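**Student:** I'd like to go over a predicted model; first the sequence, then the structure.
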Amino acid sequence: MTMLENQLRLAISDEFFDAYSRLPKKAQGKMSEVINRFKQAPARSGLNYETIHNSRDKRMRSIRIDEAHRAIILKPDTGNTYILLWADKHDEAYQWATRKRCIINEVSGALQIVDVEAVEAATDRLQEKYVTQTIGKFNALKDRDLMRLGVPNILLPALRQVVTDEDVDQILPHLPTEASDALIMLAAGYAIGEVFAQLEKTKEQPPIDPEDLEAALARVDSRSRFIVITDDAELEEMLAAPLDKWRVFLHPSQRNLVERDASGSVRVLGGAGTGKTVVAIHRAKWLAQHRFNRPSDRILLTTFTKNLAVDIEANLRSICSKEIMQRIRVINIHAWVEEFLKQEGVETTVIYDEAATEQIWEEAYQIAPTELGLPLSFYQEEWRDVVVAQGCQVAKDYLVAKRNGRGTRLSRQQRQAIWVVFEEYRNLLKERGKREPEDAMHDARQILATKGAEALPYQAIIVDEAQDLSDAAFSLLRSIVGESKPNDLFIVGDAHQRIYGKVATLSRCGIDIRGRSKKLRLNYRTTDEIRAWAIAILTGVTADDLDGGLDSTKDYRSLMYGEVPIVRGFNRLEEEIIYLQELLGKIEAQQGLSSICLAVRTNKLLDTYEQALKNLNIRTKRIHRHQADNPAEAGLRLATMHRIKGLQFDYTILPGLNERTMPLQNLIDRASEPSAKEKLLAGERCLLHVAATRAKKQVFVSYFGNPSNFLDLTSHH
Ligand SMILES: Nc1ncnc2c1ncn2[C@@H]1O[C@H](COP(=O)(O)OP(=O)(O)OP(=O)(O)O)[C@@H](O)[C@H]1O
């Protein structure tokens, strides 16, 4: 009899997969056999379900894996759903089981695993701390409301004792993930109504049956930690490879974005590492599977950087069938535009490197009105921040363009006089068969306007790294997918990570996200120490919400903890290199060099470090633009900070953070006016923020000579 025939079902918790991956290889093999036997016939499988004495949950049983190891399974009193929870050495497995209880939250309906012992200890600690009367931070909140947000009953007394932010930190590790999200928001000062609204819990669940495991497992909160096995092949696969949890377990805030119809375009914000890319990938799959599944349907998943597109495609492949993959096109926006123009017979080279336009700028500058006395850099900034940013094609566009954030005031006549230089620059480019990316996008849009969106197969577009796309890019994407319709655009981004200076406003590009804007708050990548350090780098930087409003980082947290980034200073490069050599040796002894990325501000610096490390016989490997990184390949990863946007590593090493390198002095000196300088400085801070947030475990920062001014701020952390 198979599982389905006798209606017995097996659910597995996310923690089980962690525990399983820590078992010795042989025990893993045995464990798989046990699962298979269970699936054949749970009641008659010959498996011995041992009761666990002193267990806080009477339904916990142990099953023998081999001589030394046991698995813990929840055997239901009623119903047919068994839940596999843990695997470990005999004594440790029993200890785990005695501490835990599996409960169905009576208000939220989620199935939750609570470490009763740890919760009791935390409650005692807080009660001892506040023996005298104090006003708890969350006292005004009703029990029922907290439970609706996912707080288990048993944690309410502890929560009532919370006074300071440190107390909140004590509680967070014991909460189910949906409730930690809510608590972070409450601690950051959100009103309960706002928390309900943002976490989509405005409606109370219908009455909950606290015995009905199956109903509980089907709820979105439970699905962040349990999977009901319906497909044997899927299970095999999950057990065979070390499980990337993002493939299976989505946070409720993530799943609510993925598996849901949207009446129009959606925008998702979230700090570094909150799973924006994960959500984009799952969304593409869901749409291709459930919404746009005719053979001719196509979904475009686009990014700003080429590397990330390559990486995303590899990840997408790991969760999609071949058939679904055929309907999803993953390509960075610039490559798409070049390909499209080529198909349309437009011969042009798109130039991405600003340095490559320098010569042409100088030629155009020859005709600049001398009476204005504006330096070339002024024209270049004005071009980038006003003309290109707002897609000005003719003088009239520029005359009415907004010049927010530009310091020097210009009269109408002056604008007219200046426009001549821009026109000349554009013409010179065209003469040489070249185009700037934004102009190429504009041209592509013009072509589409005559052909109509029906000429293209795309039913939906998903955008990652939206913060680096311009108005021209979004206007083009709108044309590609056609008139507004349900599920048309799904846009994820984070303005704190904007490193190419382009600011778009979606509403100006025909993209209306009102009522469909969401936020992700839990960092799944880095430790909270790295997150806090990287946020401190952003001091003074204001971030927008991609639609003309503001975004904040006050409710952005990580639930993993580790060491604060280590900052070391040296007098000379040679000394820094000796330090790096030692550091690399230490990490290599534990984990191999391929888990480390060394990232620096400029290509020139990268050459310097590469050479120095080669001289020391340290194996290195540069990160390529066109190739997904193969973790099996040996060697320390090397890249510029720009190149690693969207990627991640166990460790990042950020050397050469000297006074004149970060911010890059040559760049800052070119600013023609204070406001332009401010903008460049903010961009440099964002760049360091991006680099620091690539690390999962640890960040090592160093400099030689005088340190970067950005580092001062973080020393207080
Ligand atoms: N639900 C989840 N469960 C487990 N891991 C997750 C989950 N969501 C995301 N992650 C992991 O968190 C890390 C960061 O995810 P992702 O790259 O999607 O974040 P991001 O928001 O796009 O980051 P960034 O903006 O910094 O590039 C990845 O290792 C991913 O696998």
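**Tutor:** Structure's in. What do you need?

**Student:** And the average pLDDT for stretch 132-143 is what?
**Tutor:** Averaging pLDDT along stretch 132-143 yields 84.

**Student:** can you give me the end-to-end distance of that stretch?
**Tutor:** 22 Å (Cα to Cα, to the nearest Å).

**Student:** Restricting to C-alpha, output stretch 305-314 in CSV.
**Tutor:** Taking C-alpha atoms only, stretch 305-314 is exported to CSV below (Å, rounded to 0.1, in the frame of the first residue of the first chain):
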residue,chain,number,x,y,z
THR,A,305,23.6,43.1,-13.7
LYS,A,306,24.5,40.2,-16.0
ASN,A,307,26.0,38.1,-13.1
LEU,A,308,22.8,38.1,-11.2
ALA,A,309,20.8,37.0,-14.2
VAL,A,310,23.2,34.1,-14.7
ASP,A,311,22.9,33.2,-11.0
ILE,A,312,19.1,33.4,-11.1
GLU,A,313,18.8,31.2,-14.1
ALA,A,314,20.8,28.5,-12.4
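
**Student:** Show me the contact partners of it.
**Tutor:** 277, 280-281, 301-303, 330-332, 334-335, 464-465, 468, 623-629, 643, 645-647 (Cβ atoms under 8 Å, 6 or more residues apart in numbering). In this view, the C-beta of every residue, glycine as well, is placed from N, C-alpha and C.

**Student:** What's the ChimeraX line that selects buried ones from those residues?
**Tutor:** With 16 or more other Cβ atoms under 10 Å as the burial test, the buried ones among the contacts of stretch 305-314 are selected in ChimeraX as follows:
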select :277,280,281,301,302,303,330,331,332,334,464,465,468,623,628,629,643,645,646,647
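
**Student:** Contacts only, for the closest residue to residue 452 other than its chain neighbours.
**Tutor:** Excluding the flanking residues, the one nearest residue 452 by Cβ to Cβ, 6 or more residues apart in numbering is residue 482, at 7.9 Å. Residues in contact with residue 482, defined by Cβ under 8 Å, 6+ apart, are 452-454, 488.

**Student:** Next up, identify which helix or strand the closest residue to residue 448 other than its chain neighbours is on.
**Tutor:** The shortest distance from residue 448 to any non-neighbouring residue, by Cβ to Cβ, 6+ apart, is to residue 479 (4.5 Å). Using DSSP states H and E, residue 479 maps to helix 471-481.

**Student:** After that helix, which helix or strand is next?
**Tutor:** Following helix 471-481 toward the C-terminus (DSSP H and E): strand 489-493.

**Student:** Paired strands for that next one, with orientation please.
**Tutor:** Counting by DSSP bridges, the strands paired with strand 489-493 are strand 266-270 (parallel), strand 458-463 (parallel).

**Student:** Contact residues of the stretch 351-500 of the chain facing the ligand?
**Tutor:** 494, 497 (Cβ under 6 Å from any ligand atom).

**Student:** How about the chain?
**Tutor:** Counting by Cβ under 6 Å from any ligand atom, the chain sits next to the ligand at 244-246, 249-251, 254, 270, 272-278, 494, 497, 524-525, 646, 648, 693.

**Student:** Could I have the buried ones of the residues you listed as PyMOL selection syntax?
**Tutor:** Buried members of the residues of the chain next to the ligand, defined by 16+ other Cβ under 10 Å, are picked up in PyMOL with:
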select buried, resi 246+249+250+251+254+270+272+273+274+275+276+277+278+494+497+524+525+646+648+693
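
**Student:** In strands, which of the residues of the chain next to the ligand fall?
**Tutor:** residue 270 (DSSP state E).

**Student:** still on that earlier bit, tell me which residues are up against the helix holding residue 479.
**Tutor:** Taking Cβ under 8 Å, 6+ apart as the rule, helix 471-481 contacts 300, 302, 333, 337, 388-391, 438-439, 441-442, 444-445, 448-449, 453, 456, 458-461, 463, 488-489, 504-506, 508-511.

**Student:** one more time with 7 Å
**Tutor:** Helix 471-481 is contacted by residues 300, 333, 389-391, 438, 441-442, 444-445, 448-449, 453, 456, 458, 460-461, 463, 488-489, 504-506, 508-511 when judged by Cβ atoms under 7 Å, 6 or more residues apart in numbering.

**Student:** Determine the number of other residues adjacent to residue 323.
**Tutor:** Other residues near residue 323 number 11, with proximity taken as other Cβ atoms under 10 Å.

**Student:** swap in residue 268?
**Tutor:** 28.

**Student:** rewinding a little: most neighbours of all the contacts of residue 482, which one?
**Tutor:** residue 488 (22 neighbours).

**Student:** Could you double-check that it sits in contact with residue 265?
**Tutor:** Yes. Using Cβ atoms under 7 Å, residue 488 is in contact with residue 265, at 5.7 Å.

**Student:** on that earlier part again, which ones among the contacts of helix 471-481 map onto helices?
**Tutor:** Of the contacts of helix 471-481, the ones assigned to helices by DSSP state H are 333, 438, 441-442, 444-445, 448-449.

**Student:** Out of those, which end up buried?
**Tutor:** 333, 438, 441-442, 444-445, 448.

**Student:** quick check, nearest of the residues you listed to the ligand?
**Tutor:** The ligand lies nearest to residue 333 out of these, by Cβ to the nearest ligand atom, at 16.5 Å.
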